[in-house]
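J.: Task: produce atomic coordinates for the following.
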Amino acid sequence: QSQDLTLNFYLDDFASFDDSGITGHPNSYLLEPGTYRIAAGADVRSAETIFYFDLPELVVTQVLTEYAAVYPGTAFNRIVNRNGNFSLEQVPVAQKDLKSEILTRIPNNHTYTTDQLYTFQDVLEGNCDAAQFVSQFTDEELDEISHGAGMMNYSPGALGNAGAFGGVTKSLQGRGLPAVITTDGPSGIRVKSTCSLLPCGTALASTFDPDAVLKLYRMVGKEMLIKGSDMLLAPGMNIQKNTFGGRNFEYSSEDPLLTGYLMSAYVNGVQSTGIGAEIKHFAVNNQETSRVIYSANVTERALREIYLKGFGIAVRDSSPWVVMSSYNRINRNHNATERELLVNILRDEFGFVGMVTSDWGGVTGSIDSKIKAMNDLNMPGNADDPAILMAAVNSGAVPMEALDTCCRNILSVVAKTRTAMEAAQKGYADIEARKSRNESEIQEKNKSVNIRLLSKKSSHHCSFAMTTNNNSIFIYKRKFFSIIYYRLSILN
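T.: Numbers count the residues shown, from 1 in each chain. The predicted model follows:
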């Protein structure tokens, strides 16, 4: 028995990033001239070249701007290859003035309107947009929506949930906003109820099967609907850099392409059911030891080619509703307050249009710093956040436009949820009505969804077809194969 396997990939995903300008194209992705080879075999040691193609000249695939580069005070050496000779060379360091960059990009188009009273239902029905709705908020309400509630087990909500955001105060509920319930989920979902125990992220990636992952997590989305949750705090997409990483089981692999493709299927499966997915932890969160204080000092090339690549693919191929920033620092700056990471790269370069939330606990960076960096939601928030944020707004340290933009990003996600749609239809946005609904409906439906993993015998032989521009150019059949793409680079 044999099987034909079609292997498709974007050639641009294999481009190298020039962070030093050695090719004459600084801060650019490019494909270097030379021979590109595809190898297959029973393992990497015995793999043989089965296909190759020649690229006659250098091709620049994307021109970018320097972001999140190494801070001059933390520069280090890296190994480089110069015409076959290996030596140590100091890494490129940041050349831009970060403060000036931030100040020139903060939104400045905030306007208020009080001539008509809108509710969140008007937003859902298209009678007004999110900007008009938010413009009616008091300063206190702008603060309230910028953070969540319930470190764990928010009520009302599925028992064992991870907290809520949106309509978590009486004032916001009075405007028609429902509370959005979140649930943890590295291996299925985590609530205080019978749930399906599923393979972890590493096991999912080991299948190399996006279709299977999509189907599995479509079932997870359906299970979440039954349990009464709106948002899955998964998948984890960090690179397994160190074998001692305490949360490696949540992550996919050491390969950013495999991570990006498989976790895009994960997100698409969940979100096909109307449940939101949240990719995390953005970014370079590769260790648990001192994870709230350590700084991952990394070159811009390694950052873009390895640690950010999977996130960019997931944004491109699955449009996740939410991205969770990580506790750690990159090149000295806390990720939760790093505007270059959360705006310039995530939104401007990757094209992300959803909501950014902090990791739970809010221990890295103050609320005002997060708002300026467009870390829209602080979860679950701290007792002193309101005073800090309002003082910063009143002093002008945090422009009202920045807070307004964060609130609109949060509302854009709330509006997509099943809870918001049901609230508009049934009119139970207030907290007591939702609690009653949970008791009467969710408890009645709170039964296990059995997700059976069907196994079947592997084929004794398999094959794949290489394609470019949708044209098949090579077919290969072999028993038990692995595929290797490689190209020796002059950039190192």
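J.: Going by C-alpha atoms from here, please, whenever you check contacts or count neighbours.
T.: Will do.
J.: Can you tell me who the spatially most central residue of the chain pairs with across the strands?
T.: Closest residue to the average C-alpha location of the chain: residue 279 at 3.2 Å, with C-alpha atoms, centre = their mean. According to DSSP bridges, the partner residues bridging residue 279 are residue 323.
J.: Next, work out how far apart the closest residue in space to residue 143 that isn't next to it in sequence and residue 402 are.
T.: Once flanking residues are discounted, residue 143 sits nearest to residue 386: 6.0 Å by C-alpha to C-alpha, 6 or more residues apart in numbering. Residue 386 sits at a distance of 16 Å from residue 402 (criterion: C-alpha to C-alpha, to the nearest Å).
J.: Pull the contacting residues for the closest residue to residue 65 other than its chain neighbours.
T.: In space, residue 65 comes closest to residue 27 once its chain neighbours are excluded; the distance is 5.8 Å by C-alpha to C-alpha, 6+ apart. Under the criterion of C-alpha atoms under 8 Å, 6 or more residues apart in numbering, the neighbours of residue 27 are 17-21, 63-66.
J.: Could you give the backbone dihedrals for residue 357?
T.: Here is the backbone geometry of residue 357 (degrees, to the nearest 10): phi -120, psi 150.
J.: ugh, wrong one, I meant residue 228
T.: Torsion angles at residue 228 (phi, psi; degrees, to the nearest 10) stand at phi 90, psi 40.
J.: Same question for residue 4.
T.: With angles defined as degrees, to the nearest 10, residue 4 sits at phi -90, psi 120.
J.: Bridged to it, which residues?
T.: According to DSSP bridges, residue 463 are recorded as the beta-bridge partners of residue 4.
J.: mind listing the strands for the stretch 251-400 of the chain?
T.: 276-282, 295-296, 322-325, 329-330, 333-334, 355-357 (DSSP state E, counting those that start in this stretch).
J.: Make CSV out of those strands and add distance to residue 189 and mean pLDDT.
T.: Converted to CSV, those look like this (distance: least, C-alpha to C-alpha, whole Å; pLDDT from 0 to 100):
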stretch, distance to residue 189, mean pLDDT
strand 276-282, 12, 96
strand 295-296, 30, 92
strand 322-325, 17, 97
strand 329-330, 28, 92
strand 333-334, 29, 88
strand 355-357, 19, 97
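J.: how about CSV for those strands, with distance to residue 124 added?
T.: Formatted as CSV, the strands of the stretch 251-400 of the chain follow (distance: least, C-alpha to C-alpha, whole Å):
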stretch, distance to residue 124
strand 276-282, 17
strand 295-296, 42
strand 322-325, 19
strand 329-330, 38
strand 333-334, 35
strand 355-357, 18
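J.: Tell me which of those lies nearest to residue 175.
T.: Closest to residue 175 of the strands of the stretch 251-400 of the chain is strand 355-357 (C-alpha to C-alpha; 20.5 Å).
J.: Could you list every helix and strand that the closest one packs against?
T.: Here strand 355-357 is seen to pack against strand 322-325, helix 400-414 when contacts are counted using 3 or more C-alpha pairs under 8 Å, 6 or more residues apart in numbering; DSSP states H and E.
J.: in a helix, that's where residue 180 is, yeah?
T.: No. Checked against DSSP: H, G, I helix; E, B strand; the rest coil, residue 180 lies outside a helix; its state is strand.
J.: Wait, it touches residue 167, no?
T.: Yes. A contact is recorded between residue 180 and residue 167 when judged using C-alpha atoms under 8 Å, the distance being 7.4 Å.
J.: Now mean neighbour count and distance to residue 193 too, for the helices and strands packed on strand 355-357, in JSON lines please.
T.: Shown next, in JSON lines, are these (neighbours: other C-alpha atoms under 10 Å; distance: least, C-alpha to C-alpha, whole Å):
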{"stretch": "strand 322-325", "mean neighbour count": "26", "distance to residue 193": "25"}
{"stretch": "helix 400-414", "mean neighbour count": "23", "distance to residue 193": "25"}
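J.: Residue 244: which of those is closest?
T.: strand 322-325 (21.8 Å).
J.: what's the distance between residue 52 and residue 166?
T.: Counting by C-alpha to C-alpha, the separation of residue 52 from residue 166 is 53 Å.
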